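A.B. asks: test case, fold it:
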Amino acid sequence: MEVQRKGRYDRNAFASCLLALGAVLTSGWWLSGTLLACAAIGFALASRKALKADDSLRGTGFSLAGFVVAVGVLLFATVGLSLLSLLLFTIAPPPQ
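C.D. replies: This next block holds a predicted model:
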């Protein structure tokens, strides 16, 4: 029994997923994690556009995973850490 494939995978979807993984791994370094996450979001959006235009392409899951992980990294690295530092600054005791 032979399995029929729908089509080829979109390269932007794979790139988005790999860049999002790189953003997670480098999220300790704020700038590199943010840049990789922004690139992953860009590739994910380009992939979604290509997937809608061509029905023979595959990779919707990779594209969605890359987008969600990259947005999570951006929210954690930018908004989350900024709010945490603001919170710690406000509850810190005044200097003596």
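A.B. asks: for the chain, name the helix or strand with the lowest mean pLDDT.
C.D. replies: In the chain, no helix or strand scores lower on mean pLDDT, DSSP states H and E than helix 81-91, which sits at a mean of 84.
A.B. asks: what's it in contact with?
C.D. replies: Helix 81-91 is contacted from outside by Trp30, using Cβ atoms under 8 Å, 6 or more residues apart in numbering. In this view, the C-beta of every residue, glycine as well, is placed from N, C-alpha and C.
A.B. asks: go again using 10 Å as the cut-off
C.D. replies: Residues outside helix 81-91 that contact it (Cβ atoms under 10 Å, 6 or more residues apart in numbering): 27, 30, 75-76.
A.B. asks: top of those residues by number of neighbours, please.
C.D. replies: Greatest neighbour count in these, by other Cβ atoms under 10 Å, goes to Ser27: 19 neighbours.
A.B. asks: give me the number of neighbouring residues for the nearest residue to that one once chain neighbours are set aside.
C.D. replies: Nearest non-adjacent residue to Ser27, counting by Cβ to Cβ, 6 or more residues apart in numbering: Gly33, 3.9 Å away. The number of residues packed near Gly33 is 22, by other Cβ under 10 Å.
A.B. asks: just checking, Gly33 touches Val24?
C.D. replies: Yes - at 7.8 Å, Gly33 and Val24 qualify as touching, with contact defined as Cβ atoms under 10 Å.
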